[in-house]
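In: Next comes the sequence, and after it the predicted model I'd like to discuss.
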Amino acid sequence: MDEDMEDGVDVNTEDEKVDEERSGANGKKKKKKKKKKLGPLFDPGARYNWKLCGGRHGHNYIPCVYMEGGRRHHERSCPRIPLMCLVSLPQEYRPPLPWPERESKIFYKNVAHPKLSAFVKTRSWLNSSEDFLLFPREESEYKGGAQHYINSIQEMAPDIEWGKNIRVILDIGCTSASFGATLLEKDVITLSLGLMNDQIDLAQLALERGIPAVVGNVGSRRLPFPSGVFDAIHCGQCNVPWQSSGGRLLLEMNRILRPGGYHIISTKHGDIDSEKGMSTLMASICWNILAHKTDEVSEVGVRIYQRPASNDIYELRRTKEPPLCKEDDKMDAAWYTPIRSCLHKVPAAVEQLGTGWPEEWPKRLETVPEWLRDSRVKLTADHEHWKAIIKKSYLNGIGIDWSNIRNIMDMKAIYGGFAAALSSQKVWVMNVVPVHSPNTLPIIYERGLLGIYHDWCEPFSTYPRSYDLLHADHLFSRLKNRCKQPVVVVVEMDRILRPGGWAVIRDKLEILNTLETILKSLHWEIRMTYGKDKEGIISAQKTTWRPQSSY
């Protein structure tokens, strides 16, 4: 472990350097300040008496989604009092099957609830067999199978080139997640956005299957993603009212879609609503329709639009509605930020993301684009640093059985080096860039990786037991003076990590010593600890323990 702690750059120091150079996720410029002497993050004298969350907060509880009485918020709205109870386990919970078996077969009782049961009975592509839900490869919500549907899209627009030109996709309103699951075979990583108004919780099925998903909503606020990062956006029968509020939701898609990127919409055969209205709306934002076809096999009408790759076309608009956004509008500001009723132009400066299409996958993973030329040395050092750590210790030295690891979260990602170092493994990584950290999330997407903005003083928008491994590199050091009760972050880790899942935490020894006590109070098993020169690492495994009493 000596090599692990000494190899490569000091990530904590690197994070501080980035502070001086890049703007935060809230769009404000970071300035270097003198370090203040801060007190301990956790109260070392605190004693924790854990209880289960009450009956209304069941084993599928998502704090910022569910209201009292089981109803759901239209948009993210977190409890005023932070969650300090533990979410219960489903009866007869069983760990997911190893990948790739879990992609087509999951334990039904892990995700069961009445509305899902009713849904299963009406869908031929979703079968139940004894203890399992089965997702047959040859069947999906698209007749003829997802493979045929995806192939037909590329035939309509050959430049799409799945897995080369197109690497990162946002799929709005996931159903069976067969779209994303099939694209995995083509080296395309698809993030399913499960909408809050979906009472069936199909995004939970996607995560249980080992397919990337988060819960959110396309409403009045921006989605928690940077501008111009998705190579394509897919909306398959998602029922999003694109024309409402003057097309405001489409303006948000224009913000997050890469210049030159593709917006793919499919609807049921013969059910393309308000065709003239959609055409007018798309023309107003200068999106070009590349192809429009009704596929007789899948019985869906497919439209493929493309966002302009330059600003020249905006000068040719007959009307100025919607207006162009002002120059000082922070396009990456995306945490509780209202959607602007304006049209974002394509970045023109060479040093900005979106001025050119990335290299083909997998070259883009290690290629430093022109707009990041000043950060070339730091990016290369970070990449080599994490490759060494993954190879020398994480894969072999800390006791993790990687055959049971599929869904991973890097709770404080910087350049995505941790995720990039795991790219050869059969895993996917959700790179979380905290909103108070430097805004490096566009770099992560440029490399062909997934990520999201988040404030760790609040719960994350996902289901309990979503992740197999959580990685926190100096996260708690960065939380000092941020959260009123930092222990809520540990409670949230317990909620989103599955029983048997792992947490790897790197931080200052003064933080890890108290954190170890908290983890033991949760009955997590500490598998390995190591410390040197005031820095250390903990490898811990969550158990199936739950308290007997509840609030």
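Out: It's in.
In: can you pull the contacts of Pro323?
Out: With contacts defined as C-beta atoms under 8 Å, 6 or more residues apart in numbering, the neighbours of Pro323 are Cys342, Leu343. Every residue, glycine included, has its C-beta placed from N, CA and C.
In: so what pLDDT did it get?
Out: The predicted local confidence for Pro323 comes out at a pLDDT of 94.
In: Give me the three-state assignment for Lys391.
Out: In three-state terms, and counting by DSSP: H, G, I helix; E, B strand; the rest coil, Lys391 is helix.
In: how many other residues sit next to the nearest residue to it once chain neighbours are set aside?
Out: Closest residue to Lys391 in three dimensions, ignoring its sequence neighbours and counting by C-beta to C-beta, 6 or more residues apart in numbering: Ala421, at 7.7 Å. Burial of Ala421 is recorded as 22 neighbouring residues (other C-beta atoms under 10 Å).
In: cool, Gly210 as well?
Out: Per other C-beta under 10 Å, the neighbour tally for Gly210 reads 25.
In: That one is in contact with Ile408, isn't it?
Out: No: contact status for Gly210 versus Ile408: not in contact, 10.5 Å apart, counting by C-beta atoms under 8 Å.
In: The stretch 451-551 of the chain: helices as residue ranges?
Out: Listed in chain order, the helices of the stretch 451-551 of the chain (DSSP state H, counting those that start in this stretch) span residues 475-478, 487-496, 509-521.
In: Can you spell out the domain ranges of this protein, please?
Out: Listed domain ranges for the chain are 2-27+42-49+359-541, 101-316 (source: automatic domain parsing).
In: show me the contacts for the nearest residue to Thr182 once chain neighbours are set aside.
Out: For Thr182, the nearest residue in space outside its immediate sequence neighbours is Ala146; the separation is 4.2 Å by C-beta to C-beta, 6+ apart. Ala146 is in contact with Ser140, Ser178, Phe179, Ala181, Thr182, counting by C-beta under 8 Å, 6+ apart.
In: In CSV: the domains of the chain, plus mean pLDDT and distance to Trp335.
Out: Output for the domains of the chain, formatted as CSV (pLDDT from 0 to 100; distance: least, C-beta to C-beta, whole Å):
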stretch, mean pLDDT, distance to Trp335
domain 2-27+42-49+359-541, 89, 5
domain 101-316, 91, 6
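In: Please identify which of those is closest to Arg80.
Out: Between Arg80 and the domains of the chain, the shortest separation by C-beta to C-beta is 11.1 Å, and it involves domain 2-27+42-49+359-541.
In: Tell me the gap between the closest one and the middle of its chain.
Out: Taking the mean of its C-alpha atoms, domain 2-27+42-49+359-541 sits 14 Å from the chain's own mean (C-alpha atoms, centre = their mean, to the nearest Å).
In: And stretch 87-100, by the same measure?
Out: In terms of C-alpha atoms, centre = their mean, the centre of stretch 87-100 is set 21 Å apart from its chain centre.
In: Stretch 177-194 too?
Out: Average the C-alpha atoms of stretch 177-194, do the same for its chain, and the two points are 13 Å apart (C-alpha atoms, centre = their mean).
In: again, but for stretch 219-233
Out: Offset of stretch 219-233 from its chain centre (C-alpha atoms, centre = their mean): 11 Å.
In: Can you check the distance spanned by that stretch, start to finish?
Out: This stretch, stretch 219-233, spans 16 Å end to end (C-alpha to C-alpha, to the nearest Å).
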